[in-house]
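Novice: What follows is a predicted protein model with its sequence.
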Amino acid sequence: MSTRDGAIARAHAEFDDGTYLEDLARRVAIPTESQVPEMAGELHRYQTDEMIPSFAALGFETTLIENPVADRGPVLVASRIEDPARPTVLIYGHGDVVRSIASEWTGGHDPYAMRLDGDKIYGRGVVDNKGQHSLAMSALKSVMAERGGNLGFNAKFMVETGEEQGSPGLEQIILENKDLLAADLFIGFDGPRKSFSRMDMNLGCRGGFFLDMVVDLGRHGGLHSGHWGGVLPDAGIILTQALATVTDAKGRILIDDWKPRQVPPAVMEAAANLVADPVPGTPEPDPDWGEPGLTHYQKTLAWTSFIVLAYVTGNPDNPVNSVPSTARARCQLRHTVDTDHTAFAPALRAHLDAHGFEQVQVETEVGRDRFMASRTDPNHPWVKWVKASIERTMGVAPNVMPGSSGSNPSEMFRANLDVPVIWLPHSYAGCNQHGADEHGLGSLFREGLGVTAALFWDLGEHGT
């Protein structure tokens, strides 16, 4: 007799007998660096040589959609419709990775040759994101095997290859393929979880808004600092003073239109109750930095953060005795759905003018696609359903996070497909996902395989 426990056992066996790791190693070996134009062919190869055959083996029909943005990677949609009357879940993962930075990997190890060291599984893309969407695929396979070749629900699986660039072209693809992507529930597999003892459910993300603050005094040629310092305006000082009006000395934002208008109590409560484990090698949050009266995770999940990513005036690597006439700061706002991102630049402009900094320019075209803020209601019925399934499997309730502190394409799906969005991460905070020595933990992947198989089993049960 097929059972839920049987599906979990099959998923664990996928890890224990090496099948999952074999699949993952094969996928990691394809260098799908979407930020490197010369790698465009590898993005296609990942889809045609790896994803399409793997989904075909599971009885999925596949549609490969070329990106409407030139020189960007394709999107694959795999579908298995068993009964239109049953629930349909849209599953998401991405096949692209960041640059390998091979020279920085410990011991000269090849980032694209996956290797195991105790519980750690090293390789570029192991956690971001090939290990995570491979986990979902293995869980589907396990449920089908336990149910005699059926899922018991309808599954659609999207694998894009541009997430590390901000998913260029993805929203247009969604808008042009609404019927193909229509679903009752979206489940994405990406990101780190906060605790080793419990799963996370992320219900969206903060948005990322980039802007430059620029001072250009229009002077040409070097003006000797001995002769002109103190009598000519210094662009570096002007920009420093302007930046100092944006926050106080402890990083509290001083522009009202940048801060949330009103945060739902359920969101603040969820952020306050989040359980997280300390990760060796990561810094301790400064309780005095940022908005007073908020916890660490209320600040990063339910509030706005302002960050100066880079600042340059003169030539720091080769300074000369000259009064700078230009200065530039690349800045970023991480924000929730409770703010109006269209007001960010106008509010900064008005703020600078009010403080006498009319010569500081505000530029928002900085050459990168960005993700919008998004949030699914923590009280949505599907959120409660997924939470109950995970709690049944693990024996402890998952963290229900209002959204990821980072960014992802949640809003493209939530707004355009009218579908609740839930992310289930299976990495951890110390995984080095964008740095050298990226790695996942075998124990978390194995646990995630069982939890996900149980979730998919529950989706196929009558009454769901």
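Specialist: Right, received. Where do you want to start?
Novice: quick one: contacts for residue 407?
Specialist: Residues near residue 407 by C-beta atoms under 8 Å, 6 or more residues apart in numbering: 205-208, 334, 370-371. Where you see a C-beta, it was placed from the backbone N, CA and C, and this is true even at glycine.
Novice: swap in residue 79?
Specialist: Residue 79 touches 60-63, 154-157, 180, counting by C-beta under 8 Å, 6+ apart.
Novice: buried residues in the longest helix seen in the chain?
Specialist: Assignment by DSSP state H gives helix 442-459 as the longest helix of the chain. By neighbour count on 16 or more other C-beta atoms under 10 Å, the buried set for helix 442-459 is 442, 444-459.
Novice: sorry, back to before: can you turn the buried part of the contacts of residue 407 into a ChimeraX selection?
Specialist: Applied in ChimeraX, the following selects the buried portion of the contacts of residue 407 according to 16+ other C-beta under 10 Å:
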select :205,206,207,208,334,371
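Novice: Which one among the contacts of residue 407 sits at the bottom for pLDDT?
Specialist: pLDDT across those is lowest for residue 370, at 71.
Novice: which non-adjacent residue is nearest it?
Specialist: For residue 370, ignoring the flanking residues on the chain, the nearest one in space by C-beta to C-beta, 6 or more residues apart in numbering is residue 208 at 5.1 Å.
Novice: Distance of residue 122 relative to residue 136?
Specialist: 21 Å (C-beta to C-beta, to the nearest Å).
Novice: Check residue 25 too.
Specialist: Taken as C-beta to C-beta, the spacing of residue 25 relative to residue 136 amounts to 17 Å.
Novice: ok now do the most centrally placed residue in the chain, which residues does it touch?
Specialist: Centroid check for the chain by C-alpha atoms, centre = their mean gives residue 408 as the closest residue, at 4.0 Å. Contact partners of residue 408, counting by C-beta under 8 Å, 6+ apart, are 163, 188, 190-191, 205, 371, 423.
Novice: out of residue 25 and residue 136, which sits in the more crowded spot?
Specialist: residue 136 (25 against 19; other C-beta atoms under 10 Å).
Novice: Next up, phi/psi of that one, please.
Specialist: Torsion angles at residue 136 (phi, psi; degrees, to the nearest 10) stand at phi -60, psi -40.
Novice: same question, residue 306
Specialist: The phi/psi pair for residue 306 (degrees, to the nearest 10) reads phi -120, psi 130.
Novice: Same question for residue 91.
Specialist: The phi/psi pair for residue 91 (degrees, to the nearest 10) reads phi -100, psi 140.
Novice: okay, now it: neighbour count?
Specialist: Residue 91 has 24 nearby residues by other C-beta under 10 Å.
Novice: roughly how far apart are it and residue 326?
Specialist: Residue 91 is 48 Å from residue 326, where distance means C-beta to C-beta.
Novice: One more: residue 160?
Specialist: 38 Å.
Novice: With neighbour numbers in mind, choose between those two.
Specialist: Ranked by neighbour count (other C-beta under 10 Å), residue 160 and residue 326 place residue 160 first, with 28 against 16.
Novice: For residue 441, give the beta-bridge partners.
Specialist: Here residue 441 sits in beta bridges with residue 120, as judged by DSSP bridges.
Novice: how about low-confidence regions in the stretch 301-450 of the chain?
Specialist: Scanning the stretch 301-450 of the chain for pLDDT under 70 picks out 366-369.
Novice: Where do the strands of it begin and end?
Specialist: 305-313, 326-335, 360-363, 374-375, 399-401, 421-423, 427-428, 439-441 (DSSP state E, counting those that start in this stretch).
Novice: Return the distance of the longest one from the chain's centre.
Specialist: Okay, so that is strand 326-335. Using C-alpha atoms, centre = their mean, to the nearest Å, the distance from the centre of strand 326-335 to the centre of the chain it belongs to is 20 Å.
Novice: Return the backbone torsion pair for the residue in the chain sticking out farthest from the centre.
Specialist: Taking C-alpha atoms, centre = their mean, the residue of the chain most remote from its mean C-alpha position is residue 227, at 50.6 Å. Main-chain dihedrals, residue 227, degrees, to the nearest 10: phi -90, psi -30.
Novice: first to last residue in stretch 418-437, what's the distance?
Specialist: 38 Å (C-alpha to C-alpha, to the nearest Å).
Novice: how about that stretch: buried residues?
Specialist: Residues 419-429, 431-433, 436-437 are the ones in stretch 418-437 that count as buried (16+ other C-beta under 10 Å).
Novice: now the helices for the stretch 1-150 of the chain?
Specialist: Listed in chain order, the helices of the stretch 1-150 of the chain (DSSP state H, counting those that start in this stretch) span 4-16, 19-28, 40-45, 52-57, 131-146.
Novice: Out of these, which one sits most buried?
Specialist: Stretch with highest mean neighbour count among these: helix 131-146 (a mean of 25; mean count of other C-beta atoms under 10 Å).
Novice: Which elements pack onto the helix or strand following that one?
Specialist: The helix or strand immediately downstream of helix 131-146 is strand 154-160, counting by DSSP states H and E. On a contact count with 3 or more C-beta pairs under 8 Å, 6 or more residues apart in numbering; DSSP states H and E, strand 154-160 meets strand 75-80, strand 88-94, helix 131-146, helix 178-181.
Novice: could you check the angle helix 442-459 makes with strand 154-160?
Specialist: 140 degrees (axes from the mean of the first three to the mean of the last three C-alpha atoms, to 10 degrees).
Novice: Strand 154-160 pairs with which strands?
Specialist: Looking at strand 154-160 with DSSP bridges, its partner strands are strand 75-80 (antiparallel), strand 88-94 (parallel).
Novice: just to revisit the earlier point, quick check: the gap between the residue nearest to the centre of the chain and residue 207.
Specialist: Residue 408 is 10 Å from residue 207, by C-beta to C-beta.
Novice: Also residue 32?
Specialist: Going from residue 32 to residue 207 by C-beta to C-beta gives 26 Å.
Novice: for residue 2, same thing?
Specialist: To residue 207, residue 2 is 43 Å away according to C-beta to C-beta.
Novice: One more: residue 182?
Specialist: 25 Å.
Novice: cool, residue 416 as well?
Specialist: Applying C-beta to C-beta to residue 416 and residue 207 gives a distance of 16 Å.
Novice: Can you pull the phi and psi angles for the residue nearest to residue 370?
Specialist: Here is the backbone geometry of residue 208 (degrees, to the nearest 10): phi -120, psi 120.
Novice: wait, it sits on residue 332?
Specialist: Yes: in this structure, residue 208 is within contact of residue 332 by C-beta atoms under 8 Å, at 6.2 Å.
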